[in-house]
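Participant: Sequence first, then the predicted structure:
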Amino acid sequence: MSNLENIAKQMVTPGKGILAADESSGTIEKRFDSINVESNEENRRNYRELLFQNKNAMENYISGVILFDETIRQESRDGTPLVKVISDSGSLPGIKVDTGAKDLAFNSNEKITEGLDGLRERLKEYHSLGAKFAKWRAVITINTSIPSDLCINSNAHALARYASLCQENDIVPIVEPEVLMDGEHNIDRCYEVTKKTLGKVFEELLDHGVNLKGICLKPNMVIDGSQYSEKSSKNEIAKKTIACFKEVVPEEVPGIVFLSGGQSELEATENLDQMNKIGDFPWNLSFSYGRALQASALRAWGGEDENEELASKTFEHRAKMNSLATLGEWEEELEN
């Protein structure tokens, strides 16, 4: 088994998932604004460090951490590089490498992710800084007339170019084609668009010679749009997500780490758990959550040093709940 395949398997170890701590400067500023904390380098470091320093969570529930460019270069308050703090806990450091989703030319309703220019050189540097995997997010929007084939095809091609460059540099690519939850569409429309998008992504990955045993897929769940009038049950979400992936995701892919994509902390845990309770699929199904692992911890911290222990314990609880969900062993009463 190649090094890439070993790392990809480690990323989806049963009972563990990925902490997405790769918020861009703009996104983390919005999160900090919500708790009235200034988004400066020291505050960002202190907040992320309190997550990474929770040994129980990092050793038992978190397989990897996606970092932002700033964070992969930072040191903790005692001078230890944050990458070392993460790897010493047995978790894998990773890095977000795209430079954001921008408007598709002549179409401001759809996005294309940028960041391929100079990527080979950046990957070499990130590898030297300790990154074992990388992440690239494509954004697919649903409304009555979109997504267009152009949007799906352009993003799938970019994801495949990124993934092949990662593997060339001994870095496992997380392939993230996110069909956004925003909108008034129902679960069946989400199924249709997710199936079409993933089908094209895997076609491009194979065309680019990507080893599917050495990637992780980070997709959306098949779910109703956030503005749709009715909400599907967790059982319907789980069944339709599994059915969709069985149609288009090759069995060689070692694991699927879901994004939370606008779900609440509880919904993201509950829906993942329901899929694993149903079972009968060839991949490990896990999580790669940002807000759904951090929202409560961020509120508990509030920018105050004296709240760090409470925030750390809050993060550990959510990590443990999602760990149980990867095994199909979560129950709502465990939340209390």
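Facilitator: Right, received. Where do you want to start? Numbering: from 1, shown residues only.

Participant: Return the helix or strand in the protein with minimum mean pLDDT.
Facilitator: None of the helices or strands of the chain scores lower by mean pLDDT, DSSP states H and E than helix 25-33, at a mean of 93.

Participant: Now tell me what touches that one from outside.
Facilitator: Helix 25-33 has contacts (CB atoms under 8 Å, 6 or more residues apart in numbering) with E23, E38, S39, N43, R44, F68, E70, R291, Q294, L298, G303. In this view, the C-beta of every residue, glycine as well, is placed from N, C-alpha and C.

Participant: same thing with stretch 98-109?
Facilitator: Here stretch 98-109 makes contact (CB under 8 Å, 6+ apart) with 24, 110-115, 135-139, 141, 143, 146, 148, 150-151, 154, 162.

Participant: The contacts of helix 25-33: which two are farthest apart?
Facilitator: Greatest spacing in those, by CB to CB: E38 and R291 (20.0 Å).

Participant: Please enumerate the helices of the protein.
Facilitator: 3-11, 25-33, 41-52, 55-60, 69-72, 82-88, 119-128, 149-168, 187-207, 234-248, 265-278, 291-301, 308-326 (DSSP state H).

Participant: Just the C-alpha atoms of the last one, please, in CSV.
Facilitator: Going back to what we said before, that points to helix 308-326. The C-alpha coordinates for helix 308-326 follow below in CSV (Å, rounded to 0.1, in the frame of the first residue of the first chain):
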residue,chain,number,x,y,z
GLU,A,308,-10.4,28.3,27.7
GLU,A,309,-11.0,25.1,29.8
LEU,A,310,-14.8,25.3,29.3
ALA,A,311,-14.4,25.9,25.6
SER,A,312,-12.0,23.0,25.3
LYS,A,313,-14.4,20.7,27.1
THR,A,314,-17.2,21.9,24.9
PHE,A,315,-15.2,21.1,21.8
GLU,A,316,-14.3,17.7,23.2
HIS,A,317,-18.0,16.9,23.8
ARG,A,318,-18.9,17.7,20.2
ALA,A,319,-15.9,15.7,18.9
LYS,A,320,-17.0,12.7,21.0
MET,A,321,-20.6,12.9,19.8
ASN,A,322,-19.5,12.9,16.2
SER,A,323,-17.0,10.1,16.9
LEU,A,324,-20.0,8.0,18.1
ALA,A,325,-21.9,9.0,15.0
THR,A,326,-19.2,7.6,12.8
